[in-house]
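K.L.:
Show me the folded form of this:
(chains A and B)
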Amino acid sequence: MAGKNKHISASGFNIINEWLQSKSLQPFPFQEETWQLYAEGLSGIVNAPTGFGKTFSVFLGVVIDWINHNPDYISRKKNGLQLLWVTPLRALAKDVGRAMEEALFELGIPWRVAVRNGDTTTAERQKQKTNTPEVLIITPESLHLLIATKHNKELFKNLKCVAVDEWHELLGTKRGVQVELALSYLKTLSSAESLLRIWGISATIGNLDEALYVLLGDNHNGTIVKADIRKEIAIHTILPETVECFPWAGHLGIRMIEHVLPVIHNNTSTLLFTNVRSQAEMWYQALLDADPDLAGVIALHHSAIDAEVRVWVEEQLHAGTLKVVVCTASLDLGVDFRPVDTVIQVGSPKGIARFLQRAGRSGHSPGAVSNIYFVPTHSLEIVEAAALQEAYEKQLVESRTPVVLAFDTLVQYMVTRAVGDGFVSDDLFAEVRTTNCYRDITDSEWEWLLAFITYGGSLLREYDEYHRVVNVDGVYRVANRRVAMRHRLHIGTIVGEALLRVKFMSGGNVGTIEEYFISKLVPGDVFVLAGRKLELVMIRDMVVYVRKSNAKKAHVPAWAGGRMPLSANLGSVLRHKFQQAALEPHTNELLMFMQPLFQKQQELSVVPKEDELLVELINTKDGYHLFVYPFEGRLVHQAMASLIAYRISQQIPITFSIAMNDYGFELLSDQPIPVTEDNIRALFNPDGWYTDLKRSVNAAEMGRRKFRDVAVISGLVFQGMPGAYKKQRHLQNSTSLIYEVISQNEPSNILLQQAYTEVLAYEIESARLYNALQRIHEHNIIISMPVNLTPFCFPIKVDSLREELSSEKLEDRIKRMQLSAQKQA
DNA sequence: GACCTGCTGCGGGATG
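P.N.:
Below you'll find the predicted structure:
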């Protein structure tokens, strides 16, 4: 290595590779020519599989390039801030910073690397102010907080480069919009001769070109540096003995535990991913019950577990003292420095990108293959295993759709700038329009937003708390210190659920639980959290006090999270696999295994081909059922079910109950459903879909809930000071009130409209719904009339039963129904 | 406020 030499003569390419090898990291996966991109002062996106030193190649690449061009940077005491390293995660910032500083030290560069995020103490912040580090690792939120400080231009004036880590994670979220906005500002601060350089670091996504465009905005030339290697992934499917003994419905997969244990035993370290937090708690307990020897080497990791406990788990994983960690998406990111040798995915990963990302958590050493075991939780999911294999071979990775015209985020940012050094309207307007997000914002929208932050717009004029910004001599500023303080506390775009902290009576945090779940329990009740049985003692000031319990039975908490629909890409491959199962099953081992089930489906009904939509009409004692299988994910199915129900009800008076899963949906009625060969195509016709959709779904009610997020982000309602959060009920009430006032008096309100737009985009996935209707329009629609429930409709039917029955009864009922269906055919 | 299986992520500075 270069040691303490003050002059770096070797090419950055060699330096990086030497350095990576000395750390036993993967060699730099790019050609020496691509290295020149750093040296030429360009911007762009770096894309390589995990574990290939992307972080350090970018970091050392840009740093060494400057040093080579400006050797006196090394000797100078004060260079000012040179590089901003934006990362969506706090957790590993300190580790990354230390590693960067160490790398610089070994190269003889005495630069300082500092971290600034919510964990940074006031003293550390002060130190950064007087003694500016050359490199600052920061979250998007903290970056906006910096922009909300006085004289921030001073801090950024020497900035040469901004690197955005995990850009694929930020793209498609409002946190990504925050990055776009911050970059548009920082670009204006850099002088003409040294254009600010921007590097994004991204995993593979379907729209890398778009990701680049969004990152750079409209006045930059950029390039995509793509590693010419493909991470080898071995996908193993864990199968039951026969498909006949496997349940047709269910999502837990606990019965596969005997097949999973050998995988854990045959490997040194394993990550076991579940889709849901309660499922992780159950798997943790079930694994311990099945193999008590795992005690001490098994751990649990999900977002409701106390942060300190999670850090401990990550450290133990790193140190190699843990054999298996049961986790949710909480370990999707940030375990780069904590590789394992095996990954197990229980249940559908719902998307190809997520599956490959998780697979990549294993096999980090050079040349190693990533091993992922897929554990299906019900029969049809075995087809997903085949689909995932094909999707991997064809690299059908999903795209991330960038957020556009998020006015709530813009309102927040405008106040942020006003809290900082203030802004001139025309200048900020021009600046904001260089971003992809606000490229199409109109003059009148901008005027509306200005009015909104200065006097609350036409509706809230009388309330002083909405007069946040004042215009003094053409400069918009926040003059009131309390307003400024309150704004800083509310910077960010993540709006969470009402959480209560769970603490032992003796002290010590366990984790968090939702108001909704805990309100159903009374003192003395026992529930599970972080793998422990806890007795509820009392609830005081949003804290749940508990003590350890040895009770046999315990409630497993439910957390209300996202609905994670099956992705369009995976749905499409899945349809293909069903066709293959019908036409050429012998080409695939998994499909051969599934044959008995497909035969059953074929006997009772039809196995649809790729260009067919299957509709099943079934009569049972529950009533008249209509089942449809578009394989478009549960959100689209919910909307499509409402749409079809509405269209049928236009023909005759009829009411339905609706059920759906990721594969299809059900309409159930107590009268015969008038669907025939003659009218079926009209029911799915894309013409007039939007009008009918708006009449069939309760957009106003959905908008009301979405409006809460918009209201919080734009500063219409306040969540309270940290540590003294308002009860969610209060927040909901005040939001509801504002929603009523606005929707009745100012229906064109931009923030209200945004709530509706977001419902369409994210709750209904309307673009995808439209594409699905278009696709179906070109397909054959096959109506089948089975005499009994089919393997296809079974999981959907079970879903609709859940409401009526307790879980134990449900399990019995499933067995009975499955038995009866199997006999009938 | 409703979901009932339902992920993840963030977070004070200016003044005395």
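K.L.:
Let me know the secondary structure of A:Leu536.
P.N.:
For A:Leu536, the secondary-structure state derived from DSSP: H, G, I helix; E, B strand; the rest coil is strand.
K.L.:
I meant A:Met100, not that one.
P.N.:
Put simply, A:Met100 is helix when judged by three-state DSSP.
K.L.:
check contacts around it.
P.N.:
Listed by CB atoms under 8 Å, 6 or more residues apart in numbering, the contact partners of A:Met100 are A:56, A:59, A:85, A:113, A:135, A:137. Bear in mind the C-beta positions are built from the backbone N, C-alpha and C, glycine included.
K.L.:
cool, and A:Thr132?
P.N.:
So A:Thr132 contacts A:78, A:80-81, A:155 (CB under 8 Å, 6+ apart).
K.L.:
So which of the contacts of A:Met100 sit within helices?
P.N.:
A:56, A:59 (DSSP state H).
K.L.:
Show me which of the contacts of A:Met100 are buried.
P.N.:
Buried by 16 or more other CB atoms under 10 Å: A:56, A:59, A:85, A:113, A:135, A:137, out of these.
K.L.:
What's the separation between the closest residue to A:Lys323 other than its chain neighbours and DNA strand B?
P.N.:
The shortest distance from A:Lys323 to any non-neighbouring residue, by CB to CB, 6 or more residues apart in numbering, is to A:Val297 (4.0 Å). As judged by CB to the nearest atom of the strand, to the nearest Å, A:Val297 and DNA strand B stand 21 Å apart.
K.L.:
Tell me who's in contact with A:Val297.
P.N.:
By CB under 8 Å, 6+ apart, the contact list for A:Val297 reads A:321-324.
K.L.:
what about 10 Å?
P.N.:
A:Val297 makes contact with A:264, A:269, A:316, A:321-325 under the criterion CB atoms under 10 Å, 6 or more residues apart in numbering.
K.L.:
my read: A:Val798 touches A:Arg816, true?
P.N.:
No: if you go by CB atoms under 10 Å, A:Val798 and A:Arg816 don't touch, sitting 11.7 Å apart.
K.L.:
okay, these two: which has more neighbours?
P.N.:
More crowded of A:Val798 and A:Arg816, by other CB atoms under 10 Å: A:Val798, with 25 against 10.
K.L.:
For the strand or helix carrying A:Tyr516, which outside residues touch it?
P.N.:
Here A:Tyr516 is covered by helix A:515-518, with elements defined by DSSP states H and E. With contact meaning CB under 10 Å, 6+ apart, helix A:515-518 is reached by A:278, A:497-500, A:502, A:525, A:527, A:536, A:539, A:542, A:544, A:555-560, A:727-729.
K.L.:
is DNA strand B contacted by it?
P.N.:
Yes: residues of helix A:515-518 contacting DNA strand B under CB under 7 Å from any atom of the strand: A:515-516.
K.L.:
Would you indicate which residues of that helix are buried?
P.N.:
Neighbour counts over helix A:515-518 (16+ other CB under 10 Å) mark A:515, A:517-518 as buried.
K.L.:
now do stretch A:638-651
P.N.:
Neighbour-count burial for stretch A:638-651 flags A:638-648 (criterion: 16+ other CB under 10 Å).
K.L.:
Same list (those) but as TSV, adding pLDDT and secondary structure.
P.N.:
Below are these laid out as TSV (pLDDT from 0 to 100; DSSP: H, G, I helix; E, B strand; the rest coil):
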residue	pLDDT	secondary structure
A:Gln638	93	helix
A:Ala639	94	helix
A:Met640	96	helix
A:Ala641	94	helix
A:Ser642	93	helix
A:Leu643	95	helix
A:Ile644	96	helix
A:Ala645	94	helix
A:Tyr646	93	helix
A:Arg647	95	helix
A:Ile648	95	helix
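K.L.:
still on that earlier bit, and which of the buried ones among the contacts of A:Met100 is nearest A:Ala182?
P.N.:
The closest of those to A:Ala182 turns out to be A:Trp85 (CB to CB; 12.9 Å).
K.L.:
related to what we said a few turns ago, please flag which of the contacts of A:Val297 sit within helices.
P.N.:
Of the contacts of A:Val297, the ones assigned to helices by DSSP H are A:264, A:316.
K.L.:
and the closest residue to DNA strand B within the stretch 451-600 of chain A, backbone torsions?
P.N.:
Relative to DNA strand B, the nearest point of the stretch 451-600 of chain A is A:Gly561 (1.0 Å; CB to the nearest atom of the strand). With angles defined as degrees, to the nearest 10, A:Gly561 sits at phi -120, psi -160.
K.L.:
re earlier: biggest separation within the contacts of A:Met100, which pair?
P.N.:
Between any two of the contacts of A:Met100 (CB to CB), the greatest distance is 13.5 Å, for A:Phe56 and A:Ile137.
K.L.:
between those two, what contacts are shared?
P.N.:
What both A:Phe56 and A:Ile137 touch, as defined by CB under 10 Å, 6+ apart, is the set A:96, A:100.
K.L.:
Show the residue spans covered by the strands in the stretch 251-400 of chain A.
P.N.:
A:270-273, A:298-301, A:324-327, A:342-346, A:370-375 (DSSP state E, counting those that start in this stretch).
K.L.:
Revised request: answer the last question for the stretch 701-825 of chain A.
P.N.:
Assigned by DSSP E, counting those that start in this stretch, the strands in the stretch 701-825 of chain A fall at A:780-784.
K.L.:
quick one on the thing from earlier: contact partners for the residue of the stretch 451-600 of chain A closest to DNA strand B?
P.N.:
Contacts for A:Gly561 (CB under 10 Å, 6+ apart) come out as A:275-278, A:303-304, A:328-329, A:497, A:514.
K.L.:
From the residues you listed, list the buried ones, please.
P.N.:
A:275-278, A:303-304, A:328-329, A:514.
K.L.:
Low-confidence regions, chain A specifically.
P.N.:
Scanning chain A with the threshold set as pLDDT under 70 gives A:1-12, A:25-35, A:39, A:51, A:191-194, A:334-338, A:364-366, A:720-733, A:801-814, A:822-825.
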